[in-house]
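J.: okay, here's the prediction I keep looking at, along with the sequence it came from:
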Amino acid sequence: MTERRELLAYATYRLASVLAARFSDRTASYLAGCVGWVWAQLSPRRRDVVRRHLEVILGPDYPDSEIAPQVRRAFASYGRYWAESFRLPLQDPKSIAGRLHIEGIGYLEEAVRSGRGVIVALPHLGSWDFGGAWLAAAGYRPIVVVEELKPERLFWWFVALRTEMGMRVVTTGPRAASILLRELRSGGLVALVADRDIGGHGVEVEMFGHPTRIPAGPALLALRSGAALLPVAVYEADRWGRHVAVVRPPLEVGEVSSGAGRVRMLSQRLAQEFEVLISAAPEQWHVFQPNWS
């Protein structure tokens, strides 16, 4: 990315955050959805990627005429995700708690009570930032990992944004694994968005009948620390700021066979859980880069 493009990207995000803060929740949500729809019209390649993802998830029997509206909903949902993320630092913790209904909360509470640490593994689905803000508001003090990106000033602004939401942020790098392991072994909670291999060092799995790669981090951390591994998704319930979180039963790490294939096997089970979570609202899966060949 050239210096001019980096500056433009930074300025665009900052301007969007200022505008989102000036409007009411409903107005910001509506305008962000419109911006997402316009982006879809201006990005034919990304639109084709989303269409391909939806065709794989929904299957060959899904009416072709219904795919295009789902593609538009995906872009609009992504726009609302960003508008909400920009506004979350301004929200009262009680307001955040009142806008989330959680299915399977008992799995999370039991894992926390066990004292062995908790890994919350999420796909890029709905509003994962809202889930992190809810965990912080509920007193769980989650640690999240962010990938370094360019421009650097935009990256550090994203770090500050999530810090303002109440999350503790760790950047990717040589020290990240040791920090996360220490947190888990002390009974803490780590939240990882883990359905896309951004760094290129992930493990190969199968999702929706196609090979792909996901980060090995959740499986590695669970196997090394003994922490509970919980697949979770946070869905946009409506366009006005209400959400539904689904906490799936913990993946039993002890049931995974020994040997070098343990990480791959546990990652495959996590990928299968992601299939279940994504299938519930495929138009909210915010992956705009090719995920399958």
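T.: Yep, that arrived. Numbers count the residues shown, from 1 in each chain.

J.: now the top strand by length along the chain: average pLDDT?
T.: In the chain, taking DSSP state E as the definition, the longest strand is strand 228-236. Here strand 228-236 scores 97 as its mean pLDDT.

J.: repeat that for stretch 280-293.
T.: Here the average pLDDT along stretch 280-293 is 91.

J.: go on, stretch 25-39?
T.: Mean predicted lDDT for stretch 25-39 stands at 91.

J.: list the buried residues for it?
T.: 25, 28-33, 35-36, 39 (16 or more other C-beta atoms under 10 Å). Every residue, glycine included, has its C-beta placed from N, CA and C.

J.: so which of these are in helices?
T.: In this view, the buried residues of stretch 25-39 that belong to helices under DSSP state H are 25, 28-33, 35-36, 39.

J.: just the residues you listed now: which is nearest G139?
T.: D25 (24.1 Å; C-beta to C-beta).

J.: for that closest one, which non-adjacent residue is closest in space?
T.: Spatial nearest neighbour of D25, excluding adjacent residues (C-beta to C-beta, 6 or more residues apart in numbering): G241 at 4.9 Å.

J.: can I get the ones in helices among the buried residues of stretch 25-39 in CSV including distance to E147?
T.: Listed next are those as CSV, based on distance: C-beta to C-beta, whole Å:
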residue, distance to E147
D25, 29
A28, 26
S29, 27
Y30, 30
L31, 28
A32, 23
G33, 26
V35, 24
G36, 22
W39, 21
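
J.: what secondary structure does V18 sit in?
T.: helix (DSSP: H, G, I helix; E, B strand; the rest coil).

J.: pretty sure A111 is touching A228, no?
T.: Yes: counting by C-beta atoms under 8 Å, A111 does reach A228; the two are 3.8 Å apart.

J.: so for the two, which residue has more residues nearby?
T.: A228 (24 against 21; other C-beta atoms under 10 Å).

J.: what residues are up against the more buried one?
T.: 111, 114, 116-119, 222, 250 (C-beta atoms under 8 Å, 6 or more residues apart in numbering).

J.: just give the nearest non-adjacent residue to the residue nearest the centre of the chain, would you?
T.: By C-alpha atoms, centre = their mean, the chain has its centre lying nearest to H124, at 3.5 Å. Spatial nearest neighbour of H124, chain neighbours left out: H286 (4.6 Å); criterion: C-beta to C-beta, 6+ apart.

J.: quick one: contacts for that neighbour?
T.: Per C-beta under 8 Å, 6+ apart, neighbours of H286: 74, 77-78, 81, 124-125.

J.: which one of these sits closest to I214?
T.: Nearest member of those to I214, counting by C-beta to C-beta, is H124, at 11.2 Å.

J.: from what I see, that closest one and V287 are in contact.
T.: Yes: taking contacts as C-beta under 8 Å, H124 lies within contact range of V287: 5.4 Å.

J.: W292: what secondary structure?
T.: Assignment for W292 (three-state DSSP): coil.

J.: ok, it - how many residues close by?
T.: 14.

J.: quick one: end-to-end length of stretch 228-247, please.
T.: 12 Å (C-alpha to C-alpha, to the nearest Å).

J.: tally of neighbours for E275?
T.: 16.

J.: what helix or strand is it on?
T.: helix 262-279 (DSSP states H and E).
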